[in-house]
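Undergrad: pasting a predicted model and its sequence here:
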Amino acid sequence: MDFNEIWSKAKEELEKTVPMCGMWIGPLKPVEFDGNVLRLVTAHALAPQIIKTQHDAKVREALKNACGHEVSYNIVYDEEFAEKYKQEKRKELSKQVPGQTKEDKMLINQAQMQSSANLNLKYKFSNFVVGENNRMAHAIAFTVAQNPAKKYNPLFIYGASGLGKTHLMQAIGHYIIFNKPNLKVKYIKTEDYFNELIKNLQSSGNDKTKRMDKFRQKYRNIDVLLIDDIQFLESKTFTMEEIFHTFDSLHNNNKQIVITSDRLPKDIPTLPDRLRTRFEMGIMVDITPPDFETRVAILKNLADTAGVKAEFEVFEYIAKNFVNNVRELEGAFNKVSAYADVEKVDLTLDYAKKVLNCEASKKDITISDVAKAVGEYYGVSVADFLSSARNQRVSSARHIAVFMARELTQKSFEAIAEYFRKKHTTMLYSYEKIKKEMSTDKELENEIREIRRMIEK
């Protein structure tokens, strides 16, 4: 049996067992079979993700029945194949299929638009946890989704890795596809844009001209462009030139542009002024690391979404020990929930401690450790912190020490007040003051992050 015959038999079985088979299984084409692994290409970018997470067992079973033995498979999205497939199906899709309701057709069209836009199904506004660290970014992103190119254009979202910039950006895309289906959305990572550009530049003669024209039209004939991790433009001169002309083309035609970066445009050293000023001409908003309460809420949301039952203390334990970004929070939660599932045990606080063993991997930070580190950073002695000194330098450093003591040790305000020889209400004021200032003062946020690294070394 060759791979076409194998796939034909497997597909016949899958048509009976996989819902919406025509959407996800239909656009698959076999290209190679070595006796153990069947390789397929797809016309839908989301197909590998959907099939692996929802239909993997059924695909394996169908291949086993077709071959007579266990067979693995892998699926790769092929853009050229996708274009040919869409051309062949365009006339079909424009007609009402007998027996297919308007709702069915709408769902199929939306799925095709999501696939074409290169969006991840899990990144939506509905599962984005809003906290003080991202409230403004969320509000502005939602406004953009409701009225693209009307108010904030471009929207530039910046912040450290793993804080939710990509989630928020793709949520905009999903919202527009479901609520404004006449608009064409495209998401691209800057690194992928660069690789695609290089691939087209490596062509020769007339073919190079045609491929470059097609490449440019792909990103300029759309209504909403979502460009992720723009900092990767650094030192890529020709890519900057292409982005510049694409930006101008879209902006001049009143199309929405959303950009993410791990830093402000002015902090990307080799970014030309003409690009920097364009990125800054709309609105720039940052996302900072989530506070303890928001981290707990994120973990609770993860558990609810995954249908995982866990003691509330598990969320607090993970939130206390994984503080830098959302990605590491998810990683820690996924690890403990997977272990509990495999071992068929309840997800309790004791079990989470056993799996993650955070106590062994990091030292026990004390209020004194925090006070010493903050004092060294700002040139203030611990004795000054404990004194009644109220000059601005000592007072400002003490506010930061109180904030970090609360964040890093999770000690009560009463315990922190006892250490600093101050009133409980004064400690609470210091904490809230720094927490509020960090949401708008990027320099302060960076200073606190640097002190934290010193403490945790």
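TA: Looks like it arrived, so ask away.
Undergrad: domain boundaries for the chain, per the record?
TA: Using automatic domain parsing, the domains assigned to the chain come out as 3-93, 125-286, 292-361, 367-456.
Undergrad: weakest of those by average pLDDT?
TA: Among those, domain 3-93 carries the lowest mean pLDDT, a mean of 81.
Undergrad: how far does it sit from the chain's center?
TA: Centroid separation between domain 3-93 and its chain, computed with CA atoms, centre = their mean, to the nearest Å, is 27 Å.
Undergrad: over to stretch 392-405?
TA: Centre-to-centre, stretch 392-405 and its host chain are 33 Å apart (CA atoms, centre = their mean).
Undergrad: picking up where we left off before, need the domains of the chain in JSON lines with mean neighbour count and distance to Asn118, can you?
TA: Every residue, glycine included, has its C-beta placed from N, CA and C. As requested, the domains of the chain are exported to JSON lines (neighbours: other CB atoms under 10 Å; distance: least, CB to CB, whole Å):
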{"stretch": "domain 3-93", "mean neighbour count": "16", "distance to Asn118": "5"}
{"stretch": "domain 125-286", "mean neighbour count": "18", "distance to Asn118": "5"}
{"stretch": "domain 292-361", "mean neighbour count": "16", "distance to Asn118": "20"}
{"stretch": "domain 367-456", "mean neighbour count": "17", "distance to Asn118": "30"}
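Undergrad: of all these, which one is nearest Leu119?
TA: Nearest of the domains of the chain to Leu119, taken as CB to CB: domain 125-286 at 5.0 Å.
Undergrad: how long is that closest one end to end?
TA: 17 Å (CA to CA, to the nearest Å).
Undergrad: the domains of the chain: which one's closest to Ala117?
TA: domain 125-286 (4.2 Å).
Undergrad: for the stretch 301-450 of the chain, what spans make up the helices?
TA: Using DSSP state H, counting those that start in this stretch, the helices of the stretch 301-450 of the chain run over 312-321, 326-343, 349-356, 358-361, 367-378, 382-386, 392-409, 413-420, 424-438, 442-456.
Undergrad: okay if I get the ones you listed as CSV plus distance to Glu80?
TA: Supplementary listing: the helices of the stretch 301-450 of the chain in CSV, determined by distance: least, CB to CB, whole Å:
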stretch, distance to Glu80
helix 312-321, 44
helix 326-343, 33
helix 349-356, 45
helix 358-361, 47
helix 367-378, 55
helix 382-386, 65
helix 392-409, 51
helix 413-420, 62
helix 424-438, 48
helix 442-456, 43
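Undergrad: thinking again about what came up before, using JSON lines, lay out the domains of the chain together with distance to Ala117.
TA: Putting the domains of the chain into JSON lines (distance: least, CB to CB, whole Å) gives the following:
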{"stretch": "domain 3-93", "distance to Ala117": "8"}
{"stretch": "domain 125-286", "distance to Ala117": "4"}
{"stretch": "domain 292-361", "distance to Ala117": "22"}
{"stretch": "domain 367-456", "distance to Ala117": "31"}
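Undergrad: my guess is Ala319 contacts Pro289. True?
TA: No: the pair Ala319 / Pro289 is not scored as a contact, 11.7 Å apart, by CB atoms under 8 Å.
Undergrad: and the helices of the stretch 301-450 of the chain: which comes nearest Glu83?
TA: helix 326-343 (33.4 Å).
Undergrad: packing partners of that closest one?
TA: helix 292-306, helix 312-321, helix 349-356 (3 or more CB pairs under 8 Å, 6 or more residues apart in numbering; DSSP states H and E).
Undergrad: residues making contact with that helix?
TA: 161-164, 167, 290, 295, 298-299, 302-303, 306, 308, 310, 314, 318-319, 321-322, 346-347, 351-352, 355-356 (CB atoms under 8 Å, 6 or more residues apart in numbering).
Undergrad: how far off helix 349-356 does it point, in degrees?
TA: 110 degrees (axes from the mean of the first three to the mean of the last three CA atoms, to 10 degrees).
Undergrad: measure how far helix 326-343 is from the centre of its chain, please.
TA: 18 Å.
Undergrad: how much space between Ile434 and Asn127?
TA: 29 Å (CB to CB, to the nearest Å).
Undergrad: actually Glu234, not the one I typed
TA: 32 Å.
Undergrad: can I get stretch 354-371 as PDB, trimmed to CA atoms?
TA: Coordinates of the C-alpha atoms in stretch 354-371 are reproduced here as PDB (Å, rounded to 0.1, in the frame of the first residue of the first chain):
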ATOM      1  CA  LYS A 354       6.100  17.400  46.900                       C
ATOM      2  CA  VAL A 355       6.100  17.800  43.100                       C
ATOM      3  CA  LEU A 356       7.500  21.400  42.900                       C
ATOM      4  CA  ASN A 357       9.700  21.300  45.900                       C
ATOM      5  CA  CYS A 358      10.100  25.100  45.900                       C
ATOM      6  CA  GLU A 359      11.500  25.100  49.400                       C
ATOM      7  CA  ALA A 360      14.600  23.200  48.300                       C
ATOM      8  CA  SER A 361      15.200  25.200  45.100                       C
ATOM      9  CA  LYS A 362      15.200  28.700  46.700                       C
ATOM     10  CA  LYS A 363      16.500  30.100  49.900                       C
ATOM     11  CA  ASP A 364      14.100  31.400  52.600                       C
ATOM     12  CA  ILE A 365      14.100  35.100  52.100                       C
ATOM     13  CA  THR A 366      13.700  37.200  55.300                       C
ATOM     14  CA  ILE A 367      12.600  40.800  55.800                       C
ATOM     15  CA  SER A 368      16.200  41.500  56.900                       C
ATOM     16  CA  ASP A 369      17.500  40.200  53.500                       C
ATOM     17  CA  VAL A 370      15.200  42.500  51.700                       C
ATOM     18  CA  ALA A 371      16.100  45.600  53.800                       C
END
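Undergrad: the helices in the stretch 1-150 of the chain, which residues?
TA: With DSSP H, counting those that start in this stretch as the criterion, the stretch 1-150 of the chain has helices spanning 3-17, 21-24, 47-54, 56-67, 79-93, 102-117, 135-146.
Undergrad: want to try a markdown table for these, with distance to Ile268 as columns?
TA: Listed next are the helices of the stretch 1-150 of the chain as a markdown table, based on distance: least, CB to CB, whole Å:
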| stretch | distance to Ile268 |
| --- | --- |
| helix 3-17 | 47 |
| helix 21-24 | 39 |
| helix 47-54 | 31 |
| helix 56-67 | 41 |
| helix 79-93 | 29 |
| helix 102-117 | 26 |
| helix 135-146 | 19 |
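Undergrad: from Ser72, how far out is Val31?
TA: Noted for Val31: a distance of 15 Å to Ser72, by CB to CB.
Undergrad: now Ala66
TA: 13 Å.
Undergrad: swap in Lys180?
TA: From Lys180 over to Ser72 the distance is 41 Å, taken as CB to CB.
Undergrad: would you mind writing the CA trace of stretch 14-31 as CSV?
TA: Only the C-alpha atoms of stretch 14-31 are listed here, as CSV (Å, rounded to 0.1, in the frame of the first residue of the first chain):
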residue,chain,number,x,y,z
LEU,A,14,-12.4,9.3,10.2
GLU,A,15,-15.3,10.8,8.2
LYS,A,16,-17.6,8.6,10.5
THR,A,17,-15.9,9.4,13.8
VAL,A,18,-14.5,13.0,13.7
PRO,A,19,-17.0,16.0,14.0
MET,A,20,-16.6,18.6,11.2
CYS,A,21,-14.2,16.1,9.4
GLY,A,22,-14.4,18.2,6.3
MET,A,23,-12.9,21.2,8.1
TRP,A,24,-9.9,19.6,9.7
ILE,A,25,-9.3,16.2,8.1
GLY,A,26,-10.4,17.1,4.6
PRO,A,27,-7.6,19.6,3.8
LEU,A,28,-4.9,17.1,4.7
LYS,A,29,-2.7,15.6,2.0
PRO,A,30,-0.3,12.7,2.4
VAL,A,31,3.2,13.4,1.1
